[in-house]
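Student: need a 3D model of the sequence below.
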Amino acid sequence: MHVEGGCYCGALRYRAEGEPVFNGQCHCRECQYLTGGHPNLVLGMPESGFAYTKGTPKAFTRTDLDAPVTREFCGECGTQVLSRAPMMAGVVMLKPGTFDEPSVFGQPQMVIFTIDKQAFHQLPEGVPSFERLPS
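Tutor: Below you'll find the predicted structure:
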């Protein structure tokens, strides 16, 4: 798979190539903060096939968590383009809203952290759901 994308203002661009590791929908409370209240969609791609092609992202990592996720975003418009999680070494979790062609995301393979799901969140039919991470 080949994906290209970038931020809202165009200052940050990237490309990702390789076999997707997974695609999912996360309802954790942290993702709700980052999306403004909704679940977060991610496409996990091999880090080895990922590169920024324009601009340099800013990064944010919480210091009060045991295994925090690092989030990379445009320093101009604030668009979050990816996350890097310690538990998923070698994978970048891209945000499909930043894809030039968001439709390549398809439907999530799994829904995670439904324990934090809000009443206004929707779960896709026929997709495996987990209270936390699948075991």
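Student: can you give me the strands for this structure?
Tutor: With DSSP state E as the definition, the chain shows strands at residue ranges 2-6, 13-17, 22-26, 40-46, 50-54, 58-61, 70-73, 80-84, 91-94, 110-112.
Student: show me the residue at the heart of the chain, geometrically.
Tutor: Val42 (3.4 Å; Cα atoms, centre = their mean).
Student: buried set for the helix or strand bottoming out on mean pLDDT in the chain?
Tutor: Within the chain, confidence by mean pLDDT, DSSP states H and E is lowest for helix 29-35 among all helices and strands, at a mean of 92. Residues of helix 29-35 classed as buried: Glu30, Cys31, Gln32, Leu34 (neighbour count, 16 or more other Cβ atoms under 10 Å). C-beta: built from backbone N, CA, C; applies to glycine.
Student: correct me, but the residue nearest to the centre of the chain touches Met93?
Tutor: Yes. Judged on Cβ atoms under 8 Å, Val42 makes contact with Met93 at a distance of 4.0 Å.
Student: shared neighbours of these two, anything?
Tutor: Counting by Cβ atoms under 8 Å, 6 or more residues apart in numbering, the common neighbours of Val42 and Met93 are Ser83.
Student: what residues are up against Ile115?
Tutor: Applying Cβ under 8 Å, 6+ apart to Ile115 gives the contacts His27, Glu131, Arg132.
Student: what's the closest non-adjacent residue to Glu72?
Tutor: Closest residue in space to Glu72, ignoring its immediate chain neighbours: Pro57 at 4.0 Å, by Cβ to Cβ, 6 or more residues apart in numbering.
Student: show me what contacts the one you found?
Tutor: Contacts of Pro57 (Cβ under 8 Å, 6+ apart): Leu12, Glu72, Phe73, Cys74, Gly75, Val81.
Student: 7 Å instead, please
Tutor: Shown in contact with Pro57 (Cβ atoms under 7 Å, 6 or more residues apart in numbering): Leu12, Glu72, Phe73, Cys74, Val81.
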